[in-house]
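Asks: take a look and give me a structure for this.
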Amino acid sequence: QVQLVESGGGLVQAGGSLRLSCAASGRTFSNLRMGWFRQAPGKEREFVATINWSGGTTFHADSVKGRFTISRDNAKNTLYLQMNSLKPEDTAVYYCAGGGLGFSTVSTTYDYWGQGTQVTVSS
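Replies: Sure thing, here's the model as predicted:
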C-alpha cells in the first residue's frame, strides 16, 4: 500500500504560480509511476501530467503544456507539480496518483490516490 498526501494548493490570481507537493509513504516510491489529475466542479476527473519511476520521462496534457511541470525527488519520496501562468480554468481539486504499469493518462490505471488539494485561480 501507498499513502499519498497532497499539499500546496490555495487561492492565487490569474498569471500567478503555485507548486503542489505529494508526499508518499509505504511502498517504495521510486518504483512507482506517478501522475497528477484534476477535477473541477461538475466535470470529470482530467489528466494533467505523468512521470515515470526515474523522472526521465514526462508527459503533460495539452491544456497545461508549457505552463505546468511535473517532477519528482525519489530521495524525498515526493512528487511535485510546478504551475505557472495560472488561468481561472485551472481551478480544480488536484490529485496525485501512483502505481500501475506502463505509460498512461487514464485515471483508472493508477492504483493509489491522495485526498486532493484545492487550487482556485481568480480572474
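Asks: can you name the residues bridging to the residue nearest to the spatial centre of the chain?
Replies: Relative to the mean C-alpha position of the chain, the nearest C-alpha, by CA atoms, centre = their mean, is the one of Trp36, at 2.4 Å. Taking DSSP bridges as the rule, Trp36 bridges to Ala49, Cys96.
Asks: does it touch Arg45 like I think?
Replies: No. Trp36 lies out of contact with Arg45 (CB atoms under 8 Å); the separation is 10.9 Å. (Each C-beta comes from the backbone N, C-alpha and C, glycine too.)
Asks: list the contacts of the longest strand seen in the chain.
Replies: Across the chain, the longest stretch assigned as strand under DSSP state E is strand 18-26. For strand 18-26, the external contacting residues (CB atoms under 8 Å, 6 or more residues apart in numbering) are 1-10, 12, 32, 34, 36, 77-83, 86, 94, 96, 98, 114, 117, 119.
Asks: for PyMOL, write the selection for the buried entries among these.
Replies: Those of the contacts of strand 18-26 that count as buried under 16 or more other CB atoms under 10 Å are selected in PyMOL with:
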select buried, resi 2+4+6+8+9+12+32+34+36+77+78+79+80+81+83+86+94+96+98+114+117+119
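Asks: what about stretch 99-108, start to end distance?
Replies: 10 Å (CA to CA, to the nearest Å).
Asks: kindly apply the preceding question to stretch 43-55 instead.
Replies: Using CA to CA, the end-to-end distance of stretch 43-55 comes out at 29 Å.
Asks: ok, now stretch 52-71?
Replies: The separation between the terminal residues of stretch 52-71, taken as CA to CA, is 10 Å.
Asks: if anything else comes up later, I'll come back, but that's it for now.
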